[in-house]
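Participant: predicted structure and sequence below. I'll ask about it afterward.
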Amino acid sequence: MAVQAEPVLVAGLIEVCRATIAANSDHLCALDRAIGDGDHGTNMRRGCEAVSAEGESLSSLPFPDAMEKIGLTLVMNVGGAAGPLYGTLLMEIGRELRKSDEADFSQVLKRAIDAVARRGRAHAGDKTLLDVLYPVHAALASRSPLGAIARRAERSANRTADMKAMRGRAAYLGDRSIGHVDPGASSCALLTTAICRYLGEHRPQ
């Protein structure tokens with residue numbers, strides 16, 4: 001499955017991600033207050049607004065370049081661990097796509113997720129956004145419909161409530177982190193759902 005993106009599609013994806021995080025910023029902060037600093041929603045909102053501010057120039061770039069620049073923008077504007085992790089994901093997607101115009105996106109995504117795991121020194125089951133990203137990749141690799149991918153992301157985020165945090169500030173809580181949804185997993189699921197919905201409505205036939 002080769003990846004191509006028209007400027008209007010990139011601009012639309014940027015806006016839908018910004019709007020989704022803005023609408024859920026308070027919820028993400030509430031999740032983070034339970035097991036972290038309480039600022040995940042604020043940090044993500046700042047990063048998405050920074051990307052949106054560059055939307056016109058980003059949408060004029062080739063898709064791989066746009067992904068890499070968006071990733072860099074997130075690294076520079078999102079506080080905490082989320083900036084480097086989301087930034088790594090998008091920068092690696094851009095770099096991998098640049099290697100071949102005919103790249104299979106599921107393979108590109110897998111390599112990018114593995115780079116996130118290395119950056120965060122985390123694994124599936126550690127109660128992080130990886131617990132959404134790896135299931136999303138599995139759904140994409142099996143050619144699941146967009147709606148099924150979104151539902152997989154939502155279920156995967158909710159399942160982090162049963163996990164003990166092994167990385168980040170939440171890890172200091174030990175067993176007390178159990179019973180709380182990971183805020184990074186939640187933001188990842190929200191963004192995945194928004195992207196899937198947008199692509200379903202606007203993807204070229």
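Facilitator: Here it is on my side, so go on.
Participant: where do the strands sit along this structure?
Facilitator: For the chain, strands defined by DSSP state E do not occur.
Participant: next one: the longest helix out of those in it to chain centre, how far?
Facilitator: If you go by DSSP state H, the chain has its longest helix at helix 7-35. Distance of helix 7-35 from the chain centroid (CA atoms, centre = their mean, to the nearest Å) equals 10 Å.
Participant: name the helices or strands packed onto that helix?
Facilitator: When contacts are defined as 3 or more CB pairs under 8 Å, 6 or more residues apart in numbering; DSSP states H and E, helix 7-35 packs onto helix 40-53, helix 55-59, helix 63-77, helix 183-202. Placement of C-beta: from N, CA and C, glycine included.
Participant: how about the helix or strand bottoming out on mean pLDDT in the chain: buried residues?
Facilitator: Sorting the helices and strands of the chain by mean pLDDT, DSSP states H and E puts helix 55-59 at the bottom, at a mean of 92. Within helix 55-59, the residues that qualify as buried are 55, 58-59, counting by 16 or more other CB atoms under 10 Å.
Participant: do stretch 184-196 as well
Facilitator: 184-196.
Participant: picking that back up, output the helices and strands packed on helix 7-35 as a markdown table; include the columns distance to Ala11.
Facilitator: Output for the helices and strands packed on helix 7-35, formatted as a markdown table (distance: least, CB to CB, whole Å):
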| stretch | distance to Ala11 |
| --- | --- |
| helix 40-53 | 9 |
| helix 55-59 | 4 |
| helix 63-77 | 10 |
| helix 183-202 | 11 |
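Participant: pLDDT on the longest helix of the chain, on average?
Facilitator: Averaging pLDDT along helix 7-35 gives 95.
Participant: circling back: and the least confident helix or strand of the chain, what does it pack onto?
Facilitator: helix 7-35, helix 63-77.
Participant: of the buried residues of stretch 184-196, closest to Ala30?
Facilitator: Using CB to CB, the shortest approach to Ala30 within the buried residues of stretch 184-196 belongs to Ser186, at 10.0 Å.
Participant: of the helices and strands packed on helix 7-35, which is nearest Ile14?
Facilitator: Ranking the helices and strands packed on helix 7-35 by proximity to Ile14 (CB to CB) places helix 55-59 first, at 4.9 Å.
Participant: near Glu201, how many other residues are there?
Facilitator: 10 (other CB atoms under 10 Å).
Participant: what sits against it?
Facilitator: By CB atoms under 8 Å, 6 or more residues apart in numbering, no residues touch Glu201.
Participant: same question, Pro183
Facilitator: Pro183 makes contact with 28-29, 31-32, 35-36, 40-41 under the criterion CB under 8 Å, 6+ apart.
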